[in-house]
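Peer 1: fold the stuff below for me.
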Amino acid sequence: MLKVVSSLLEQRRENQFIPLKNVAVEVNIHSFAAEVFIKQVFINSEETNVPIEAVYCFPVEEAAAIYSFEATIDDDRKIQGEIKEKKTAQRDYCDALKKGHGAFLLEQDEKSNDIFTISVGSLKPQSKCEIEIRYVQELELIDDGQRIQFVLPTVIAPRYSSISAGHGHIKSPGTTTANYVQSAPYSISFSCTISSLPIASVGSPSHPIEVTSQLCNTSHSIVKARLSQENTHLDRDIILNVNLQQQQILTYTFVEKQAVMVSLVPTLELCDKNNQTGQANCEYIFVVDCSGSMNDENKIDYARQAMSVFIKSLPIDSHFNIIQFGSAYQIFKSNAITIEYNEQTANEAANYIKKMKADLGGTELYSVLSHLQQNPPQGNYSRQIFLLTDGEIEDVDRVIRLCHSMSNTTRIFSFGLGSSPSRALVKGLARMTNGAYLFIPPKTHIDVAVARQLDKALAPCLVNVKVRCRFKNNELENYRISPKILPPIHAKQRLNIYIMMPKNIEDKLHGSLEFLTQNNDLLERVTFTDVQPSSTLLATRLAAKSIIKDLQTDDYKSNSSRQARFSGQEKNNIKQELIDISIQHQILSPFTAFIGIETRTEQERAAIASSGEMILREIPIEINNENDLLPDDESASYHAMPVDCDQVKCGYTVDDEEEAVCDDDDEEDDYEENGVCHYVDEEEEAVCDDDDNDDEEEALLDDESFYMLRSPKNDRGIERISRNFRSRSRSRSPRQQSSSKSFDSSCDDDNLSAHEDMPNDNSCDIIRQIIALQNFNGLWSIKNLKQMITLSQSNTIKTDVDFEKIIDDFKDKDNDAILSVIIMCILAKYFPDDEPLWKPLIKKCKKALENRLGNNEANHISNTIKQLV
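Peer 2: Take a look at the predicted model:
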């Protein structure tokens, strides 16, 4: 799988001729989206003075809308790429090279949409080429609306090509034959500017960072973050967590001339009120990747930990099963697709999980999912699949197509383990089946992450939601809504909706957008009154990308004739429509490509021809050395918190001898009072670090195009918020080369890549011990009273609860029930920040108390003991 260089001298010689020298990334994070600018520097340093063709395969977030591709030759000549149909672009590329011209090609892989390949053709000897790529992407809102997360994929893990696809081995990424290596000479610099957000802190669970803050005459500071390590390798994804001062439970709209974006974040009350999912008749199937690659980064141990949480938390009398897969698959109870969840099967499953090893060879995910497709749930059951994998497969599109065929009965909750899972696979499976996804990087508190996701799977959500628009201008009625089918919408989770207009909005926008239930009951209404459209293209580009993804989904099914001759034509029509959208809006797709041609003079072409035959140089792909990923301390994370403006905030570098101390003050400077967003005067708006040369990145929220709406009312008023989004950090990160110690930890991971917010890791250990003592029926046994008293008197909490007196006060009641109520009250009072860890178990406990004491009696006793605790 890996190319291992035999000697240091040979390694240096190989590195000398790798044309990729550096990758620089700059990011602008706004309220709902990120603008990303990637610069890749290629230099032809061949000793033989011949032209080269450099080919580099790299990852990009699969939902990113790539809209610009530019090459700069020797610092003076710029070549702007344009999007064409892929085969046409490939032909133009080859024709240009054949004629002695330079050519540049950017392609998206059709099998795995998170893999991109760049080709720099006929780079002259000793010449430099800078490739600049720009894209926009949505930002994920996590941790119940308390945190925004940005992920920059940097590494493509070795992908297994399925036997069923005709291969059965590790394959080079994309369509290349590039080698995988454990160390490459090129490195990355990363800087990020965050604006228009009420930021409490900024941290990274993946890399040490430095954070600075600059106060502007707007409602929020501009915060900048950059990597503090020198010579940072591209061996793991860069993850940035922006912790907010308050939950983002507002609805946003952003109006442009061609498109409108509405970002809905429903409240828990709204989801409860309109819950249509129900929890009855549901079976749970756990599919665990036990291929050889799961040994890396301790991923198989993570999978075992996750499975332990799952088995402990399932509802009593539900049905479940466990399937391990690798080159083949093994089923926990093979006599049936699912079995009843009871005390005996739970204990058997726990023992089965302990014996799991990463010893099943390759990663044949398709075969196990095909087995489940061929054995659907019973007619009155729905199925939820929990998939734990590092996602290192090559046939992503084929697997997603298979899962789409199960989406009417099955939801997939996918977990991407490790530092470089296939984001296209993990996110695609969840999106295609109306499930949810979670990425779990190394050194994450996996039980907390899994508990959160399981709670989401069991929690009420809005399903089958419809969108209806009404515009005063009749010419806008032929709009296009995307996503075409809305996924389940969970409380405090963001869902962005796009309305692509049939023509430009020439005047101010008047109308409304309504979210409706399946029965056409009104959930939310957003009104537009005298809204002046912005001249930017951010929402338009994201809308075009969303429509492209819709069309890819449409390609998975056919609603017309069952005849192959007709279905093939329908798919071709959908593909052509996708290509047309891609070219119209200049957004890259799997079936189009960016192409740029460097036209050369006859003299230049003659010089190239005389220098010798062009050499192919495929850039090796660096994969991580698990020993260098993070410190051994499981709670390790890299964290920086803004405290005051115009200063470096906890500027933490690896050479710091002193312990870094961050102000962990929870005090919030709310910009929203009583659910009302306050108007910011445009005249007070300051322009910070304005870049006059960057026309594409003009102020995002100009005029009246961007609105923040008060939460949650059916008919919402709108108040204008005016901000500047143009600040951009041009600085390169300082460079050091070593691993950093951590200085803030938490067990409150949400998606959990971060550990920044956890005040005391010992609290998690106490909770885990309490959870371990819980009986299968959901209660704690009076036999474990002494252990519970000891745990409650630990240094972490030091409660003065008199267990024995409270139990004696209720001596006519069931002792196990009373002890369980005491434990519930202690967890709620002393461990509120760790709720994600204990919440699933408490749900089970409450149900057991109701069965044993009755609903009214259980509530009365709980309220009484709550006062005593």
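Peer 1: so which elements touch whichever strand or helix holds residue 304?
Peer 2: Using DSSP states H and E, residue 304 sits in helix 299-313. With contacts defined as 3 or more CB pairs under 8 Å, 6 or more residues apart in numbering; DSSP states H and E, the packing partners of helix 299-313 are strand 282-289, helix 343-354, strand 382-389, strand 410-417, helix 446-458, helix 835-853. For the C-beta atoms, the positions are set from N, CA and C on the backbone; glycine is no exception.
Peer 1: how many neighbours does the nearest residue to residue 776 once chain neighbours are set aside have?
Peer 2: Leaving aside its chain neighbours, residue 776 sits nearest to residue 343 (4.3 Å; criterion: CB to CB, 6 or more residues apart in numbering). For residue 343, the neighbour count with other CB atoms under 10 Å is 11.
Peer 1: how near is residue 343 to residue 193?
Peer 2: Separation of residue 343 from residue 193 (CB to CB, to the nearest Å) stands at 55 Å.
Peer 1: tell me the contacts of residue 318?
Peer 2: Residue 318 makes contact with 282, 283, 284, 340, 341 under the criterion CB atoms under 8 Å, 6 or more residues apart in numbering.
Peer 1: which of the residues you listed lies closest to residue 429?
Peer 2: Residue 429 lies nearest to residue 284 out of the contacts of residue 318, by CB to CB, at 16.0 Å.
Peer 1: wait, that closest one touches residue 381, no?
Peer 2: No. Judged on CB atoms under 8 Å, residue 284 makes no contact with residue 381 at a distance of 10.6 Å.
Peer 1: any residues in contact with both of the two?
Peer 2: The overlap between the contact sets of residue 284 and residue 381 (CB under 8 Å, 6+ apart) consists of residue 319.
Peer 1: of the contacts of residue 318, grab the buried ones for ChimeraX.
Peer 2: Here is the ChimeraX command that selects the buried residues among these (16 or more other CB atoms under 10 Å):
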select :282,283,284,341
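Peer 1: and of the contacts of residue 318, the nearest to residue 290?
Peer 2: residue 284 (18.6 Å).
Peer 1: who's in contact with that closest one?
Peer 2: 310, 314, 318, 319, 320, 338, 341, 383, 384, 386.
Peer 1: any chance of those residues in TSV, plus distance to residue 612 and pLDDT?
Peer 2: Compiled in TSV, the contacts of residue 284 are given as follows (distance: CB to CB, whole Å; pLDDT from 0 to 100):
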residue	distance to residue 612	pLDDT
310	60	88
314	66	86
318	69	86
319	68	92
320	64	95
338	65	94
341	69	92
383	61	87
384	60	89
386	56	94
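Peer 1: only the buried subset of those residues, as a PyMOL command please.
Peer 2: Entered in PyMOL, the line below selects the buried ones among these, by 16+ other CB under 10 Å:
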select buried, resi 310+314+318+319+320+338+341+383+384+386
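Peer 1: angle of the helix holding residue 304 against helix 343-354?
Peer 2: Angle of helix 299-313 versus helix 343-354, following axes from the mean of the first three to the mean of the last three CA atoms, to 10 degrees, is 170 degrees.
Peer 1: report the buried residues of helix 299-313.
Peer 2: Result for helix 299-313 [16+ other CB under 10 Å]: buried residues 299-300, 302-313.
Peer 1: please name the strands paired to the helix or strand that comes right after it in the sheet, noting orientation.
Peer 2: Helices and strands here follow DSSP H and E; after helix 299-313, the next one along the chain is strand 319-325. Sheet pairing of strand 319-325 (DSSP bridges) gives strand 282-289 (parallel), strand 329-331 (antiparallel), strand 339-340 (antiparallel).
Peer 1: local confidence estimate at the residue nearest to residue 836 when sequence neighbours are not counted?
Peer 2: In this structure, residue 836 finds its nearest non-sequential neighbour in residue 452, 4.5 Å apart by CB to CB, 6+ apart. You'll see residue 452 listed with a pLDDT of 77.
Peer 1: wait, doesn't residue 452 sit right on residue 834?
Peer 2: No. If you go by CB under 8 Å, residue 452 and residue 834 don't touch, sitting 11.3 Å apart.
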